[in-house]
Each structure stands twice: as C-alpha cells, then as structure tokens.
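Kindly return the folded structure for what I paste below:
(one chain, ligands or ions: 1)
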Amino acid sequence: MKSFIEPFKIKAIEEIPITTRQEREEYLKKANFNPFSLRSEHITIDLLTDSGTTAMSSKQWAAIMDGDESYAGSRNWFEFEETIRDITGFKHIIPTHQGRAAEKILFSVIGGVGKIIPNNTHFDTTRGNLEFSGAIAIDLPSAEGKDPALRADFKGNIDLIGLEKLIQEKGKENIPIAMITITNNSGGGQPVSMENIRKAKELLNKYDIPLYLDSCRFAENAYFIKQREKGYENKTIKEIAREMFSYADGATMSSKKDGLSNTGGYIATNDDKVAEKAKTILIVTEGFITYGGLARRDLAALSQGFREVLNENYLEYRVGQVRYLGDLLLEAGVPILEPTGGHGVYLDAKRFAPHISPEFFPGQAISCEIYLEGGVRACEIGSVMFGSYDENGQFNPALMELVRLAIPRRVYTKSHIEFIAESIINVYKRRESLRPMKITWQAEFLRHFTAKFDYV
Ligand code: F0G
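The predicted structure follows:
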C-alpha cells in the first residue's frame, strides 16, 4: 500500500476554534505579533511545538487513573525506572518535570565559568541553561546540516573534525562533556547516524570526555537509522535505541516528545558522582528522587508512552505524516528544509521571503502571515531565536532562517495536514507582500518567548 493511515482510532475529541481573518488580525496585534503570546482558544491548528502536545492513548489514561501518589517509593516510579533502563541501559535515572529542568541540574553539576560544551546544535533551553551557568555553548553541525536545500540522510550529524579541533584548541580539561542532540531539533529535526554517534564516542574517549545525548526524539532518530543506515534494516527500534545510548555516558530527556506524554523529563548517567550531586539538587529544586516534580500518575503515563513510541507502525505514520506535509508544500514550490525531519516541516524563510534580510526577521513575518491566513500557529527558528548584535553594533544572524511547523504526536489527521498546506501555499503565493519586522521589547535570555514585535 502506498497510502498511510493513522494507526489508531479516535475515542475522545477536542473541538478546535474556527475564527475569521478579521478576528485573527485583532488577536495577533494584541499578541504584539508574537505567536507565543496568542491565546490557544484563538488558534485553529497549533504547530508551535510537538512538546507536551501529544494525544495520549487510552492505555495511558487508564494508567493515570491507576496512579500511586506515594511521595516516596511509588510503584509508578519503579516501573518508570525499569522502562527507561530497559531502553537506555543507564545506571542512574533521575526524574524531572521536563527537559530543561534536567539541563539545569546537569549544568549546575558539570557547567560553570570557563567550561565549554559542544553539541551538534544546542536547543535554545540547553544553550540558555549552559550560558546561565557561565559556560560556553558551541554548535558544531556537519557541513551538510548547514544547507537547507541539500538532501542528505543524516544532516543532524555532529562535525567530528570540528569537534577534535575544538578539543585541541580549548583543552580537554575545559570540556566537561560533549553532547549530541537526537534528532537535531534546531537543525531541522534531522537525524544523527549511528556511525556518527559511535565515531564521536571513539574520538571523545581519546580525550576522556564523556558523551551525553540530548535524547528528546530518540525514537524518531532510531526510526531514521532503521530506514537509512546500512545494517539496521532488520533491527527493532528498541535495539537501535539501546545501541545509540550504549555509546553515551548519560542523557538528558524531555519526555514531552518521545515519552508520548504531556509532561516529564529525566537525566540519566553512568557517573556515580554526577548522579549524587544531581540528586541533591533535584531534592532541593524539583522533588524527591522517586518523582522529580511529577505527579506519580504522570510517571505511569510515561512508562506506557515510552513503550508505545517504540512501535514501528506508530513511527512509520509519524514520520510519514511529516513527509506528507513536506511533499504537499514542495509540489507547490514552497521552499522547505529537505529532506523533512522527524517532528516537523521547516520552511526556509531565506528562500520564501528573500526580500526581507535576516535582520528584519523573515521567519517572524511568515509565521504571522500563516496565522492570519488559516489560524495556524508556527514558530520562527532563526534570527529572532539565535541572532544578536555584537558590541560594535554588528548584526550576527542565525545560521538559518527557518519557520518550524512542529507536528504534535497523534493529534491531527490527514485533512488537517492538507488544511495546513493550503494555508501556507496561499501565503507563499502572495509572498512579495510580506513585510520586514522589528523587535520593540525583549527579555535578556531566550527573548523569542516573550519579545514584542511590530512591522518596520
Ligand atoms: N532539548 C531539545 C532538543 C528540545 O527540543 C527541547 C524542547 C528541550 C531540550 C527542552 O525540553 O521543553 O521539556 O524543557 N523543545 C521544545 C520544542 C520546547 O518546541 O522544540 P523541555
């Protein structure tokens, strides 16, 4: 069969708001032209994030009803710990309420002034937490990953030559860990090959530097390895995941993605000393070591979610749905980051709106217009998120100007995807009318969440 179907049927539905263009103009203005500031009841299709927006299964909801809310030693914790250990093989599993809490704790332990931490591409909260600790975050995407129009199998790979150069230049004593983000979210949801992870580990071993995976979308990454990397065709997703984690000394996780749940995260490590310090900080900031800021019923839903995400029928539909949206856009000539990644389609704003220079945020202008067109919320991942001015007033743009259409897991159907495509294609047809934008207010850290915008 050529067509894919959602490998589930719908048991509960949630009505979505349908608004008029005039209403949306009002809402967007009130939100200071920042889709993050829109109210969800004004959004028809929400592609802001795939994080925590998953539709849970009936088995997950049933697990929630059966939660054991003991403060310490809940059976839901032991089931969770066992499930994660079974997939990752790590010695210590430390639960947190979401991914950035795991990052905050890890970098409180191993970060700090003078430390340098490389990654294929740090996600914004990873970078934020690192920099907050005083450390320096370095992105080392592969050359292929920097060209949105280039089709390659593993554009998420870390640049191994760059990594070795960095270690030699900065000194291994200043690099407490190296990270690889699977899939590489900021680089377009692109997968990292098993070979790249293995080679990174071999290289880091030479210098005694531990490798940590930012593993939010580990199952999607494993599915791409199965599809694209020789020797993995006949392995299960769990076997592939287990091998990926076997090359790492630890991991951070936002379970709001491939935990198929609405909340949760963890730090995993094989290092006893890191674990001990992390657990102390956990108790002070998140909660006891058998719940880490989560309700125990959340742990129950997560254990079930982590089992479901390894299902190949699910992953085939998941990656197929994202590809379907990409194909509809490509057929209409809309420039996107190719090939489509695991959790969303990324519009290439530089080619979509070449008349707006990065300094005037083409991605933001496109996101706003897509909302006005169809009530679809998307997210700029470009110079709003990563651009900055240096001390001489020189503008440093982001590597790429992208607009991310992140697809929530198991939420939208094929007809929703067609509606999204139509909205974007309509905007593309009148792309010359897109206008440059400016920031009128911004916070010191992670400005994109709360910044206010206007047209120039
Ligand atoms: N690392 C990566 C690669 C992520 O994509 C995210 C979150 C985090 C860490 C932090 O996890 O949100 O649970 O604290 N990404 C979301 C997104 C927010 O929309 O891509 P968190």
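
The closest residue in space to P210 that isn't next to it in sequence and R217, how far apart?
Distances taken as C-beta to C-beta, 6 or more residues apart in numbering put D249 closest to P210, at 3.8 Å, once the chain neighbours are dropped. Placement of C-beta: from N, CA and C, glycine included. From D249 across to R217, the span is 20 Å (C-beta to C-beta, to the nearest Å).

burial of the closest residue to the ligand within the stretch 101-250 of the chain, as a residue count?
Residue of the stretch 101-250 of the chain nearest the ligand, by C-beta to the nearest ligand atom: F123 (3.5 Å). The number of residues packed near F123 is 23, by other C-beta atoms under 10 Å.

Enumerate every residue touching it.
T181, N185, S186, D214, C216 (C-beta atoms under 8 Å, 6 or more residues apart in numbering).

Quickly list what the closest residue to the ligand within the stretch 201-350 of the chain is bridged to.
Nearest residue of the stretch 201-350 of the chain to the ligand (C-beta to the nearest ligand atom) works out as S254 at 3.1 Å. For S254, the beta-bridge partners under DSSP bridges are G265.

Tell me how many other residues surround it.
S254: 27 neighbours (other C-beta under 10 Å).

got it, and the one 10 residues further on?
A count of neighbours around G264, defined by other C-beta under 10 Å, yields 30.

ok, it - contacts?
P95, T96, H97, Q98, S254, S255, K256, L294, D298, L299, L302.

A219 versus the closest residue to A63 other than its chain neighbours, what's the distance?
Distances taken as C-beta to C-beta, 6+ apart put A300 closest to A63, at 4.0 Å, once the chain neighbours are dropped. Distance from A300 to A219, counting by C-beta to C-beta: 19 Å.

Looking at the two, which has the bigger crowd around it?
Legend: neighbour count by other C-beta under 10 Å for A300 and A219, higher for A219 (29 against 26).

a strand runs through the more buried one, doesn't it?
No: A219: not assigned to a strand; according to DSSP: H, G, I helix; E, B strand; the rest coil it is helix.

what's the spacing between L434 and Y291?
Distance from L434 to Y291, by C-beta to C-beta: 47 Å.

Look at those two and report which has more neighbours.
When L434 and Y291 are compared for neighbours, Y291 comes out ahead with 25 against 21, by other C-beta under 10 Å.

my guess is that one meets S74, correct?
Yes: look at Y291 against S74 with C-beta atoms under 8 Å: they come within range, at 6.7 Å.

what is in contact with those two at once?
Shared contacts of Y291 and S74, counting by C-beta under 8 Å, 6+ apart, come down to L299.

Contacts only, for the residue of the stretch 1-150 of the chain found nearest the ligand.
Residue of the stretch 1-150 of the chain nearest the ligand, by C-beta to the nearest ligand atom: G99 (2.5 Å). Residues near G99 by C-beta under 8 Å, 6+ apart: T125, D214, C216, T252, M253, S254, S255, K256, G265.

Which of these are buried? Put it as a PyMOL command.
Restricted to buried positions by 16 or more other C-beta atoms under 10 Å, the PyMOL selection for these reads:
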select buried, resi 125+214+216+252+253+254+255+256+265
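
Between which two of the contacts of G99 is the distance greatest?
T125 and S255 (14.5 Å; C-beta to C-beta).

neighbours of L48, just the number please.
The burial count for L48: 20, using other C-beta under 10 Å.

just use 328 as the starting number from now, easier for me
New numbering, starting at 328: the last item is L375.

from memory it sits against N361, does it?
No: L375 is not in contact with N361 according to C-beta under 8 Å; the separation is 11.0 Å.

next one: stretch 703-714 to chain centre, how far?
The chain centre lies 13 Å from the centre of stretch 703-714; the measure is C-alpha atoms, centre = their mean, to the nearest Å.

List phi and psi for the closest residue to Y550 other than its chain neighbours.
Distance criterion C-beta to C-beta, 6+ apart; nearest residue to Y550, sequence neighbours excluded, is L642 at 4.1 Å. Note on L642: backbone dihedrals following degrees, to the nearest 10 are phi -70, psi -30.

pLDDT-wise, what's the bottom of the contacts of G426?
When the contacts of G426 are sorted by pLDDT, the bottom entry is T452 at 90.

what helices or strands is the helix or strand where that residue lies leaning on?
Assigned by DSSP states H and E, T452 falls within helix 451-459. Helices and strands touching helix 451-459, as assessed by 3 or more C-beta pairs under 8 Å, 6 or more residues apart in numbering; DSSP states H and E, comprise helix 426-437, strand 463-466.

where do the helices sit along the stretch 678-783 of the chain?
In the stretch 678-783 of the chain, the helices defined using DSSP state H, counting those that start in this stretch lie at 689-701, 710-713, 741-756.

Of all those helices, which one is nearest K356?
Using C-beta to C-beta, the helices of the stretch 678-783 of the chain put helix 689-701 closest to K356, at 10.0 Å.

which other residues reach the closest one?
348, 351-352, 355, 360, 362, 365, 370-372, 674, 676-677, 679-680, 683, 703-711, 728-730, 746-747, 749-751, 753-754, 761-764, 780.

now do stretch 559-566
So stretch 559-566 is contacted by 413-414, 521, 546, 549-550, 552-553, 567, 570, 637-639, 642 (C-beta under 8 Å, 6+ apart).

What residues does the protein have near the ligand?
Residues of the chain found near the ligand (C-beta under 6 Å from any ligand atom) are 376, 378, 425-427, 450, 452-453, 508, 512, 541, 543, 581, 583, 592, 733.

that older thread, I465: which of the contacts of G426 is nearest?
Nearest to I465 among the contacts of G426, with distances taken as C-beta to C-beta, is D541, at 14.1 Å.

That closest one bridge partners, please.
Once the bridges are assigned, which here means DSSP bridges, D541 pairs with T508, T579.

Return the residues in contact with it.
Per C-beta under 8 Å, 6+ apart, neighbours of D541: G426, N446, F450, T453, M506, I507, T508, I509, A578, T579, M580.

Settle this for me: G714 is touching S684, isn't it.
No: the criterion here is C-beta under 8 Å, and G714 misses it with S684 at 11.0 Å.

Between those two, which has more neighbouring residues?
Between G714 and S684, counted using other C-beta under 10 Å, the more crowded position is G714 (19 against 15).

show me the contacts for that one.
By C-beta under 8 Å, 6+ apart, the contact set of G714 is P685, E686, F722, N723, P724, A725.

now, among those residues, which is nearest to the ligand?
A725 (15.3 Å).

residues near that closest one, how many?
18.

Check A602 too.
When neighbours are counted by other C-beta under 10 Å, A602 comes out with 22.

hmm, back to that, my read is that the residue nearest to Y550 contacts A546, right?
Yes: counting by C-beta under 8 Å, L642 does reach A546; the two are 6.3 Å apart.
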